[in-house]
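*Asks:* predicted model, plus sequence, below.
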Amino acid sequence: MQVLVNSDHHIVGGEDLTERVQGVVEDRLGRFEGRITRVEVHLNDLNGGKPGERDKRCLMEARVGGMKPIAVSHEAPTLMEAIHAAADKLERALDHALGKREDSAGRTPPEEQVASVEALQALERTEADHR
């Protein structure tokens, strides 16, 4: 899984920040590694040099093979809070999207389940009649 980190000119961190972001992303999304080709992380300071309650924003976009990109964002007072919260949101979004996809590919539709229950009940009645 490739992790690309982009930031605006108000965010200063360099290689250390990039490594920290990559670590958070790999920690939270490592179990999806075979499915995710790339995660793009965009870091922004929304108020420039002024402090604020929701001053820092982290947008994460995961590219999953065969699907549209999945993107989430979070705004927080500090950059690391925004990064961790966005990673949590992306993990939940991937769980939902991939779980939904697997369910539709691998689960028996409810109509077929009802038909099988009815078939089993009919079989039980037939066996009871033969006793």
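*Replies:* Arrived safely, thanks for sending. From a predicted model like this one, the values you see are computed outputs, not experimental measurements.
*Asks:* low-confidence regions, the chain specifically.
*Replies:* By pLDDT under 70, the weakly predicted segments of the chain are 49-53, 100-124, 127-128, 130-131.
*Asks:* which parts of it are helices?
*Replies:* For the chain, the helices defined by DSSP state H cover 14-29, 79-106, 110-130.
*Asks:* quick check: angle from the first one to helix 79-106?
*Replies:* Helix 14-29 and helix 79-106 meet at an angle of 40 degrees, taking axes from the mean of the first three to the mean of the last three CA atoms, to 10 degrees as the criterion.
*Asks:* so for helix 14-29, what gets flagged as buried?
*Replies:* Residues L17, T18, V21, Q22, V24, V25, R28, L29 are the ones in helix 14-29 that count as buried (16 or more other CB atoms under 10 Å). Where C-beta positions appear, they are placed from N, C-alpha and C, glycine not excepted.
*Asks:* closest to L94 out of the residues you listed?
*Replies:* Comparing the buried residues of helix 14-29 against L94 with CB to CB places L29 closest, at 6.8 Å.
*Asks:* distance of the closest one from G66?
*Replies:* Counting by CB to CB, to the nearest Å, the separation of L29 from G66 is 17 Å.
*Asks:* R20 now?
*Replies:* According to CB to CB, R20 and G66 sit 30 Å apart.
*Asks:* now do Q22
*Replies:* To G66, Q22 is 24 Å away according to CB to CB.
*Asks:* having no further points to raise, I will conclude here.
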